[in-house]
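Participant: with the sequence up front, the predicted model follows.
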Amino acid sequence: KLKLAWNGIDQEACKCLADSLVHNRSIAKIDLSRNKINDIAGILLAYALRRNQLLRGLKVNGNALGRNGAQALLRHMRLRGGDLRKIDMHDCNIDAGGSMTFDPNNPNGKYELDLSIPLDRAIASELWELSLREQGENWRGETLDGRPFDCPEDPDNPWIIPTKGYLQLRYFSTPVPPSEDDIMEEEDFSLMIDQIKSRGKDKERKDVILSAAKENYFSADQVKDVITTVDAASDRVEVASGVFSRVVDLENKNGFLKSLKEHEQKAVARNLGQLFFFNPKFPTGHYRLDLSNKYDFLLAQKLQQLSNKEKFRRKSLNLNDTSQYGNGECWRNQSLNGEHFRYTGAWHVPEEGILELDYVSVTRPPMSVLPMGQKDYEVLRGRVEEIAANLGSDRKGTLAHIDSVIRGKFLTSEMLMTFANYIMKLPSLTPVQSMFVGVQVVVSGFGGLVDINELWRILRDEFTWDFRQQVCERLGWLNVFNPMYSEGYIELDLSMRDEHVVAEVLVDLSVKEPGENWLGETYNGNGFELPTTWVEQVPDKGILTLEYYSEPAWVRNRTRKKWLQLFLSFEAPEKSDDDFLGKIEVDLAPLLRIAGPNPRLEIGPCELEGVISGTIQLALFAGGGGDTPRDADNESDGGDFLDDGSTSTDAESQSAGLAKSTAPNTQICTDPSNLQEIMEHSPGWQADGSFVFGVHLICAKDLIPMDETGTSDPFAKISIDGQMEQESAVVAETLHPHWDEKFFFHVNTEEMSIEHAKVMVELFDKDF
């Protein structure tokens, strides 16, 4: 033990003491109470303690540490490790400022440090350790004695700070939100509670709590224990307000708010303003913050931390950037005192001014999350409608109430847009108010959508163009638009990066999808035809309007799917990604009327429906055709049933002259009364009353090219009345596929009216 209390130790003496503590290997406890240790001396001690793993106790009672010195000691006790568990800081005016200019909570700026000076060396150490906790390139333009060097920002490659030299750098902070690993260890928390309880007065306890909260993070359960150490209502409110922003699991805030009385909770809510309702799990929304208010300032910092976290996460996962300016930020449409500015994650949040922004989280609910059940949805809908009744008298307060009810709920796009549609039709709202309120509802529920890929379709089909325009401007075109549903009217500002991408998509689709796709297009208000130069490079300024249209048969799903990867709606709709190449539908009844040992009905060649080009040839036959019938859900091995290989181009059909019987010893029955008798003598008739028939897929010709190589990769889907679907093999890179495959269907005649059944053959281009 080393007792140095009442020795008049000042800042200069503390430099020597701190230097000796770095190399100390024997002292376990030091008492430095009642000296002249100021904030700078406190930081020097903290720097020494960070490097001393043996010291177990430190007393600095009665010193003018101020806020900076006390926070430095608490911070280094948390980061240090080792056995140091207790620092006594009674009567240390920890609520006062000091002479230190370095603030680890606001480290941005230029630094010129003389590493031979202990204080400068301590600041260099703080900056290096801070860069490890943050992400990105924080040290920039660093030089040592005038020579450039790259400071390692890697905990596995620690930088040994030299004891001499002149260090210059600019620090760009990219703060990220705390994680569960940053929550105060339970053992340390117990010691902190003991120190708090050792103070006799509420004011002293409150000061210790608020000082500790500046350097430590807590769980919601821990904050509940902290609040119970203070008795006076006003102090409890101040403590709850002061530690609120240091709660890591803020979504569990109700756990500690319940330890407050109702009037105390309301007082905390008044103090915190928007911060009180903030949920870091669902941060998407509009924010208007008065930065001179400390709690609005803290909320702005939290939004900055979250944006950095999401940006770094998407970058690490190689996910596409859907931000407004291509810088990965979740902030949109931000302004300071009414003037727009370009935001980055290293922006220094000022301590005054009116900040307004839209925050759009790009972190989606997990794939396993399901939307709320119908019963819960009906309850929620009733609640929203009840609250919305007050929109006419208190729009701001009612919107905030609706936001708090909807935000954080897992909904489908249809559910959310039902809310918006109901509220927009309230007679108490003017058209302008209706539009504004509807957009706010969509923004509030956006973070909880489980099927974000459906949002644009509903906006396009059920809402006006100016409404979806405002939704996209608030939430971002790359976060809302879905190229799988490109049809419709669109207005784009090409100077905005995200809207420029949408224009590139529509230009590419107009080239890949046949027909006149751009309708009524204007550029800067003037009518024009899409020029070929835009195919190479879309202009980076100007206002583009158009209505995009594509015939359903000409939609290139593969092309749209490729573009989809640039959008937040990266999950394609549940429909097939394979491009449609045409179809044919054939009645089964004519096959049933063919009597004989081997009934066979030739189909085609005939034109495919739904496309501008292509023919198909196939045949229907009853029974196994010499093979054992296979279950309908098994794919055929493509047998050898071809009779003589002949085809018919001029045969009579049941309705269009496309089918005839070619099998020998067959007879076509025209008397419907004899149909059942013919079926029962058919090779397709089974003892259990079921019927087996086959489809012989022969070939197709002159199909539409879907690939950039001028070919397609065709395959067929074959079904009967939309059931028992089977697929053929894929024939790669051809417009004239030859399959020679057969498929068998085992039909229960009690469940399906086989004489009225239809065989559907659809061709698709495989999307590999």
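Facilitator: Now that the structure is in, tell me what you want to look at. The structure displayed is predicted, hence computed values, not measured ones. Numbers count the residues shown, from 1 in each chain.

Participant: which residues are contacting the top helix by length along the chain?
Facilitator: For the chain, the longest helix by residue count, based on DSSP state H, is helix 294-316. Residues outside helix 294-316 that contact it (C-beta atoms under 8 Å, 6 or more residues apart in numbering): 134-136, 174-177, 241, 244-245, 271-275, 278, 280, 283, 287, 289-291, 320-321, 327-331, 345, 347, 349, 351, 355, 357, 359, 361-363. (Glycine included, C-beta is placed from N, CA and C.)

Participant: unless I misread the structure, Val507 falls within a helix.
Facilitator: Yes: secondary structure assignment places Val507 in a helix (DSSP: H, G, I helix; E, B strand; the rest coil).

Participant: can you give me the helices for the stretch 201-350 of the chain?
Facilitator: Ranges of helices in the stretch 201-350 of the chain, per DSSP state H, counting those that start in this stretch, are 202-213, 220-227, 233-243, 254-257, 262-272, 274-277, 294-316.

Participant: for the fifth one, packing partners?
Facilitator: Spelled out, it's helix 262-272. On a contact count with 3 or more C-beta pairs under 8 Å, 6 or more residues apart in numbering; DSSP states H and E, helix 262-272 meets helix 233-243.

Participant: now the helix it packs on and helix 294-316, what's the angle there?
Facilitator: 30 degrees (axes from the mean of the first three to the mean of the last three C-alpha atoms, to 10 degrees).

Participant: what residues sit buried inside helix 233-243?
Facilitator: By neighbour count on 16 or more other C-beta atoms under 10 Å, the buried set for helix 233-243 is 235-243.

Participant: list just the nearest of the residues you listed to Asn157.
Facilitator: Set against Asn157, the nearest of the buried residues of helix 233-243 by C-beta to C-beta is Val243 (35.6 Å).

Participant: put the buried members of the contacts of helix 294-316 into a PyMOL selection.
Facilitator: Entered in PyMOL, the line below selects the buried ones among those, by 16+ other C-beta under 10 Å:
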select buried, resi 134+135+136+174+175+176+177+241+244+245+271+272+274+275+278+280+283+287+289+290+291+321+328+329+330+331+345+347+349+355+357+359+361+362+363
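
Participant: how about JSON lines for the buried residues of helix 233-243, with pLDDT and distance to Leu45 added?
Facilitator: Output for the buried residues of helix 233-243, formatted as JSON lines (pLDDT from 0 to 100; distance: C-beta to C-beta, whole Å):
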{"residue": "Asp235", "pLDDT": "90", "distance to Leu45": "30"}
{"residue": "Arg236", "pLDDT": "91", "distance to Leu45": "33"}
{"residue": "Val237", "pLDDT": "93", "distance to Leu45": "34"}
{"residue": "Glu238", "pLDDT": "92", "distance to Leu45": "29"}
{"residue": "Val239", "pLDDT": "92", "distance to Leu45": "27"}
{"residue": "Ala240", "pLDDT": "93", "distance to Leu45": "31"}
{"residue": "Ser241", "pLDDT": "93", "distance to Leu45": "30"}
{"residue": "Gly242", "pLDDT": "92", "distance to Leu45": "25"}
{"residue": "Val243", "pLDDT": "93", "distance to Leu45": "26"}
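
Participant: just these now: which is nearest Met435?
Facilitator: Taking C-beta to C-beta as the measure, Met435 lies nearest Ser241 of those, at 36.2 Å.

Participant: contacting residues around the closest one?
Facilitator: Ser241 touches 268, 271-272, 295, counting by C-beta under 8 Å, 6+ apart.

Participant: hmm, try it at 10 Å
Facilitator: 210, 267-272, 275-276, 294-295 (C-beta atoms under 10 Å, 6 or more residues apart in numbering).

Participant: same deal with Gly476?
Facilitator: 322-324, 330, 332-333, 358, 360, 362, 496, 498-499, 567-568.

Participant: run a quick neighbour tally on Ser20.
Facilitator: When neighbours are counted by other C-beta atoms under 10 Å, Ser20 registers 12.

Participant: thought it was touching Ser26?
Facilitator: No: Ser20 lies out of contact with Ser26 (C-beta atoms under 10 Å); the separation is 11.1 Å.

Participant: list residues touching both of the two?
Facilitator: Joint contacts of Ser20 and Ser26 (C-beta under 10 Å, 6+ apart) do not exist.

Participant: hang on, Ser550 packs against Val511?
Facilitator: No: using C-beta under 10 Å, Ser550 is not in contact with Val511; the gap is 11.8 Å.

Participant: which one of the two is surrounded by more residues?
Facilitator: Ser550 (19 against 14).

Participant: wait, what's in contact with the more buried one?
Facilitator: 486-487, 509-510, 512-517, 556, 560 are the contacts of Ser550 under C-beta under 10 Å, 6+ apart.

Participant: can you redo those as a markdown table with secondary structure and distance to Gln222?
Facilitator: Formatted as a markdown table, the contacts of Ser550 follow (DSSP: H, G, I helix; E, B strand; the rest coil; distance: C-beta to C-beta, whole Å):
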| residue | secondary structure | distance to Gln222 |
| --- | --- | --- |
| Ser486 | coil | 51 |
| Glu487 | coil | 54 |
| Leu509 | helix | 55 |
| Ser510 | helix | 59 |
| Lys512 | helix | 58 |
| Glu513 | coil | 59 |
| Pro514 | coil | 64 |
| Gly515 | coil | 64 |
| Glu516 | coil | 65 |
| Asn517 | coil | 60 |
| Arg556 | coil | 56 |
| Arg560 | helix | 50 |
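
Participant: which ChimeraX command selects the buried ones in those residues?
Facilitator: Restricted to buried positions by 16+ other C-beta under 10 Å, the ChimeraX selection for the contacts of Ser550 reads:
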select :486,487,509,510,512,513,517,556,560
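
Participant: from the contacts of Ser550, which is closest to Tyr217?
Facilitator: Nearest to Tyr217 among the contacts of Ser550: Arg560, at 45.0 Å, using C-beta to C-beta.

Participant: low-confidence ranges in the stretch 251-400 of the chain?
Facilitator: Along the stretch 251-400 of the chain, the parts satisfying pLDDT under 70 run over 392.

Participant: the stretch 451-600 of the chain too?
Facilitator: Ranges of the stretch 451-600 of the chain meeting pLDDT under 70: 570-577.

Participant: ok, Thr143 - how many residues close by?
Facilitator: For Thr143, the neighbour count with other C-beta under 10 Å is 14.

Participant: could you look up the SS state of it?
Facilitator: Applying three-state DSSP: Thr143 is strand.

Participant: before we move on, what SS does the nearest residue to it once chain neighbours are set aside have?
Facilitator: Nearest non-adjacent residue to Thr143, counting by C-beta to C-beta, 6 or more residues apart in numbering: Gln168, 4.9 Å away. Here Gln168 is strand, with the state taken from three-state DSSP.

Participant: same thing with Val586?
Facilitator: strand.

Participant: can I assume it is in contact with Glu609?
Facilitator: No: the pair Val586 / Glu609 is not scored as a contact, 11.3 Å apart, by C-beta under 10 Å.

Participant: before I go, just wanted to say thanks for your time.
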